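K.L.:
The following comprises the amino acid sequence and a computationally predicted model.
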Amino acid sequence: MNEIKNIIEALLFVAEGPLSIDRIKNVLELTETKEIRNAIASLAEEYDVRNGGFFLCEVAGGYQIRTRSEYKMWVKRFLQSKPIRISRAGMETLAIIAYKQPIIRNEIEHIRGVDCGGILRMLLERNLIRILGRKKIPGRPLIYATTKQFLEVFDLKNLKELPSPIEIEKLETLSTESTGQPPLIESANPDDEKGKNT
């Protein structure tokens, strides 16, 4: 058990993204996943008890060692990295894709009421969305969906963790009550946004 745990820890340390159970199983050449899951649970518990600068996180269909949020200021200073900035139009488009995927450009533009070509290119460049293929309808339009990078950026294990419309409405209500400002998205009716500039 200790050796498997140490091997998994080494793999997590060098992995460029979240490491899935299946990938670990293939590397270790094991047939069962129970031992892997036990080792991961043991590692996560050790990190939590230690309460150091990092923890083991389940995200995007795998596991990843991540720094604790209370130390992000120093990590950012060290890396001198700029956070991903997405415009409101970009966030709206990304939300539509996340909740309605798989989806084609025409459907996105129908919901938003404006052209989304430039925004889709930007989201593709940032690896937040991907092209699944082409829809078998006249014109063979591209089909869009979110990526694992999307799950990583928004700290989601999978798409089921996206907030429900009821949860979003509660957040908007709380935001309005605490700030006195109206919610960012005033209407869920896409027809209300027709003609809006991006």
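P.N.:
That came in fine, so what should we check first? Predicted model, so just to flag it, every value in this text is computed and none were measured. Numbers count the residues shown, from 1 in each chain.
K.L.:
Quick one: the strands in this protein, in order.
P.N.:
With DSSP state E applied, the chain shows strands at 54-59, 62-67, 103-104, 129-134, 142-146, listed in chain order.
K.L.:
Now the residue nearest in space to the middle of the chain. Nearest residue, chain neighbours left out?
P.N.:
When the chain is reduced to its mean C-alpha position, the closest residue under C-alpha atoms, centre = their mean turns out to be Leu151, at 1.8 Å. Closest residue in space to Leu151, ignoring its immediate chain neighbours: Ala60 at 3.7 Å, by C-beta to C-beta, 6 or more residues apart in numbering. C-betas here are computed from N, CA, C, even on glycine.
K.L.:
ditto for Phe55
P.N.:
Skipping the residues right next to it in sequence, Phe55 comes nearest to Tyr47 by C-beta to C-beta, 6+ apart, at 4.9 Å.
K.L.:
isn't that neighbour right up against Cys57?
P.N.:
No: Tyr47 sits out of contact with Cys57 when judged by C-beta atoms under 8 Å, with a separation of 9.7 Å.
K.L.:
which residues touch the residue nearest to Phe55?
P.N.:
When the contact criterion is C-beta atoms under 8 Å, 6 or more residues apart in numbering, the partners of Tyr47 are Phe54, Phe55, Leu56.
K.L.:
swap in Arg37?
P.N.:
The contact partners of Arg37, taken as C-beta under 8 Å, 6+ apart, are Ile21.
K.L.:
can you rerun that using 10 Å?
P.N.:
For Arg37, the contacting residues are Ile21, Ile24, taking C-beta atoms under 10 Å, 6 or more residues apart in numbering as the criterion.
K.L.:
Show the pLDDT at it.
P.N.:
On the pLDDT scale, Arg37 is placed at 91.
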